[in-house]
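Asks: What shape does this take:
(chains A and B)
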Amino acid sequence: MISFLLIFISSLFFMGILIRTKSLASGRKGPGIMQPMRDIIRLLRKGAVYSRTTSYIFQIAPTVYFASVLAALLVVPFGSRSGFISFNGDFVFFAYVLAMGKFFSIIGALDTGSSFEGMGASREALFSMFAEPAFFILMGSFSLLTGFTSFHDIFSSLHLASHFAPGAELTRETYLSYVLAVLATFVLVMIAMTENSRMPVDDPNTHLELTMIHEVMILDNSGFDLGLILYTTSLKFAMYGALIANFFLDGMALPFGIMLFFVVQFLFAVSAGLIESFMARFRMGHNPQFIFILSSVSLLIFFAVLLLTGKFV
Amino acid sequence: MVTVGVFIMATASSIPAFQILFTGNNLEYIFAGSSVTGPIPIRIDSLSAWFILIINFTFITGILYGVQYLKHYKEQISNISLHFAAYISLHFALTAITVIQNSLVFLIAWEMMTVSAFLLVIFEHTKHTTLRAGLNYFVQSHISVLFLIVAFIGAAAKTKSFDFEAIRQFTATSPEFIGIALFLLFFIGFAVKAGFVPFHTWLPYAHPAAPSHISGVMSGVIIKMGIYGILRMILTVETDFYFVGIVILTISVISGVYGVMLAIVQHNLKKLLAYHSIENIGIIGIGIGIGCMGLGINSFGLTFAGFAGALLHTLNHSLFKSLLFYGAGNIYQSTHNLDLEKSGGLIKFMPQTAGLFLLASLAICGIPPFNGFVSEFIIYDGMFNGIQNQNLAQVLMLIFSIFALAFIGGLAMLCFTKAFGTVFLGSNRESHSETAPEKNIKKLIPMYLAAVPIILIGIFPKFFFVLMQNTLNLFTDSVPSGNAIFVASTLSTVSSVGYYSLIFLGLIFLIFLIRKKINTNRTVNCNATWGCGYTGNAERMQYTASSFVRTYRKLVNPVLEIQKRREDVTGIFPTSGRHEIHPYDKIEKILIDRPLNRLKSFFSLFSFLENGRIQTYIIYEIAFIALAMIIPYIYEKILILVSFLQSI
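Replies: Predicted coordinates:
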């Protein structure tokens, strides 16, 4: 419940901070923090133009896309406080419900019959296919480490934060689990960048349709639908931010937890902005390799967990 | 008439099946049989009951669809009569296979299934390709029978009885390697039928060649007889299940990944769906493999989740795959085209077919709130739970399977966005072809009938788990008890999946309503798709099925066999360019084509014998008769010579 609220709040600022970071890094003043949100609200109130080629798929696709992210949010916990709903294996549901949204955004793009949008759709389908195993191996490692299979149980038994407590001993296991958390953060940040089609996989500011992924898929969306799609992107970012924050949150008192949560979201937005400012987009052909790297990093985490649990003799 | 027949048979067998599923009491009749077969036991346990229900449902939707589908061929009266007769006998054979536990009679029923399925596949026997595909199926099915005969008769020779019960006793008392060898023989025999890689090569030919309702029935239940056989043998043969589980798991992972990898590059819709059957058999096999591993290491969680996933996915696949094939049938009958490259924009002519096809596509990709998700979820859940408390090899095996299952899911999504997107969306890529709108509502009824359980299983999965409980007990009984808590927690997990799916659906409806309410007061216009300033004929410029998967194709090129032919547009006065891509199955090339060619070239050495002159043939016969008479004579002489030599 609380996680849902907090994610909603941070989603309002996320894109603003990201864009502001980018403009500061390139020496411009840049728009205000709330500007992206204002754009979205304006879009939500506008009328729409639909292509004659499209069918009812195009009408429902943005709705399903948005609803899938909302549904995924329901299982995201806040430290030791569970989300709306929590059950064993809920992260499987999380991943597959997001896949539903992606499926619809892809066929929504194909519905326009435009070659550009087909191009974007094809890339989106391919890249998300490569990102999926990384997430599952990551979650598999953590369920092996903690012995649980739901987001809430996993996060509340990681106990990373408790090592800060006075008098806590720093053992080899502690260090290793920090390494794990850092690696997991890296994987999640990169999955978030891939899923939201940002650098280094996709450049949202590019001006050539041939080089776009996500932006080219929504060329024909307008009005309410476009607003919904744009807002979904911020929401998705905030959602991954919340997952990252969860690694460090367990058992913290609520005020500190909330503070830490926003700090993590802020850092995530800033680092996403910095990545976009100082990295060039990969060549399209190199993207699959890059995304496969995520799977191998997840495998690294998995082997570290095997070490920790003493499966390696 | 036929419909009534199928209905009667379905009701007659469904009533006891339901009874057994609910009560768990098995039925058993023992027919006296003949001196050859010995007594013929008919045992209906809950595993048989589960498969009987799946068979009946698919056969009912199949016949409802088939009767409408075949109206296009109503002038071929005798052909249709034969077709329906074969359909009924197929239904009977399948039901018989699930209940007969006498290996000789089982083989007869198995043969009956093969022959009637063959007759059904070659409905359009005037087409060369259909006949070829049918014969391919016929031959490969008999390879399956060959393995089964060796296994069954081998066991019967040792036990002097054809009863399955005897096989159990035999394997329980003999050394372990005999059990493993016997099980692997059975597994190969049944795997040919089920379509596990590398025994899958008949499947992509038979499915496209058959009429759509037969493809649906084939993919829905006939290949499931292989799964039934494997499950039955797990219950019958006593062996080292850990080893067997690893073998099944490895083969299944390969089948799943390889099937969908090939499915993506197909151009023919039905062929694509056929390769997808291989993928889904792989998923079912992953479930069975994990279940067997669980049996081997006495882990209740793995056993339960593995077999539950496998059994439920068997049902699920029969539902959405038959629905997809019926959809393909509708497409074929209104456009006379199944080539993905030439289709497009059908959603405007056939919105209901499109909606149903979309539903089934989502279900087959394992996306909530549909049934495919539930069965995949339970397998995932079992694996994530089972990953704890295992040794290194098992953990690696499980994480590898998780990886594969996630990868299969992603690939399936690529495949079905391509299939649905290029067939139904956009505009038609071949502007001259004509499309008839869907008029025949009767053809849609069986499709809706299949769609209902797809949604029901997705939203109320718990009911189906309760229904499956007795069947699962058959497998989990041998594992240490005290697992009621585990079952209860799994059931509650499964029902929360259902609730969650319901919330998800609710969210979609809510947002859609809000959107509709907001949009009513706004100006909404229609215009052309944005074409970057180009306003000409954009239909031919659309992304095609091949271009949609081009990047993928380049990535997997080393693994698959893809031939490309292109003629560039060159010169001052260019002629039209071409670009063709032909995917071919590499495993088929290595395992089937090459040995066949070798065999052919070897036998062609003797082709001079067959010269077509009747005189030569008469000489052969005379030579044969002469040899037949002379050889015993010479043999006798040699014997005399030997005895003479010995006496010296």
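
Asks: could you pull out the helices for the stretch 201-313 of chain A?
Replies: With DSSP state H, counting those that start in this stretch as the criterion, the stretch 201-313 of chain A has helices at A:214-217, A:223-246, A:254-278, A:287-308.

Asks: Turn these into a markdown table, including mean neighbour count, mean pLDDT and distance to chain B.
Replies: Using the backbone N, CA and C atoms, a C-beta is placed for each residue, glycine as well. Listed next are the helices of the stretch 201-313 of chain A as a markdown table, based on neighbours: other Cβ atoms under 10 Å in any protein chain shown; pLDDT from 0 to 100; distance: least, Cβ to the nearest Cβ, whole Å:
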| stretch | mean neighbour count | mean pLDDT | distance to chain B |
| --- | --- | --- | --- |
| helix A:214-217 | 23 | 86 | 10 |
| helix A:223-246 | 23 | 92 | 6 |
| helix A:254-278 | 17 | 90 | 23 |
| helix A:287-308 | 18 | 86 | 6 |
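
Asks: In the stretch 1-150 of chain A, which residue sits nearest chain B?
Replies: Closest contact between the stretch 1-150 of chain A and chain B, by Cβ to the nearest Cβ, is at residue A:118 (2.5 Å).

Asks: that's a helix at that residue, yeah?
Replies: Yes: using DSSP: H, G, I helix; E, B strand; the rest coil, the assignment for residue A:118 is a helix.

Asks: Residue of the stretch 151-300 of chain B closest to chain A, please.
Replies: Counting by Cβ to the nearest Cβ, the stretch 151-300 of chain B gets nearest chain A through residue B:264, at 9.9 Å.

Asks: tally of neighbours for that residue?
Replies: When neighbours are defined as other Cβ atoms under 10 Å in any protein chain shown, residue B:264 has 26 of them.

Asks: Give me the number of neighbouring residues for the residue of chain B found nearest chain A.
Replies: Going by Cβ to the nearest Cβ, chain A is nearest to residue B:543 of chain B, at 2.5 Å. By the criterion of other Cβ under 10 Å, residue B:543 has 26 neighbours.

Asks: quick one: contacts for it?
Replies: By Cβ atoms under 8 Å, 6 or more residues apart in numbering or on different chains, the residues touching residue B:543 are A:110, A:115, A:117, A:118, A:119, A:121, A:122, B:422, B:426.

Asks: Model confidence score at the first one, please.
Replies: This points to residue A:110. Note for residue A:110: predicted pLDDT of 92.

Asks: Same check on the fifth one?
Replies: Reading off the per-residue confidence, residue A:119 sits at a pLDDT of 88.

Asks: Now do the same contact list for it.
Replies: A:209, A:210, A:216, B:543, B:547.

Asks: From those, pick the one nearest residue B:108.
Replies: Nearest to residue B:108 out of the contacts of residue A:119 is residue B:547 (Cβ to Cβ; 50.5 Å).

Asks: Mind telling me what element the most centrally placed residue in chain A is part of?
Replies: Centroid-nearest residue in chain A, with Cα atoms, centre = their mean: residue A:192, separated by 3.3 Å. If you go by DSSP states H and E, residue A:192 is part of helix A:172-195.

Asks: and residue B:565, which of the three is it?
Replies: strand.

Asks: Kindly state the beta-bridge partners for it.
Replies: residue B:580 (DSSP bridges).

Asks: ok so, going back, please report the distance of the residue of the stretch 151-300 of chain B closest to chain A from residue B:418.
Replies: Using Cβ to Cβ, to the nearest Å, we find residue B:264 at a distance of 7 Å from residue B:418.

Asks: now do residue A:190
Replies: Residue A:190 is 26 Å from residue B:418, by Cβ to Cβ.

Asks: who's more crowded, these two?
Replies: A direct count of neighbours by other Cβ under 10 Å for residue A:190 and residue B:418 places residue B:418 higher, at 29 against 21.

Asks: Can you report how many residues neighbour the residue nearest to the more buried one when sequence neighbours are not counted?
Replies: Excluding the flanking residues, the one nearest residue B:418 by Cβ to Cβ, 6 or more residues apart in numbering or on different chains is residue B:548, at 4.9 Å. Using other Cβ under 10 Å, residue B:548 has 28 neighbouring residues.

Asks: Which residues are in contact with residue B:548?
Replies: Contacts of residue B:548 (Cβ under 8 Å, 6+ apart): A:118, A:121, A:122, A:125, B:417, B:418, B:421, B:422.

Asks: Let me have these in JSON lines, adding distance to residue A:49 as columns.
Replies: Shown next, in JSON lines, are those (distance: Cβ to Cβ, whole Å):
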{"residue": "A:118", "distance to residue A:49": "20"}
{"residue": "A:121", "distance to residue A:49": "20"}
{"residue": "A:122", "distance to residue A:49": "25"}
{"residue": "A:125", "distance to residue A:49": "26"}
{"residue": "B:417", "distance to residue A:49": "25"}
{"residue": "B:418", "distance to residue A:49": "27"}
{"residue": "B:421", "distance to residue A:49": "22"}
{"residue": "B:422", "distance to residue A:49": "25"}
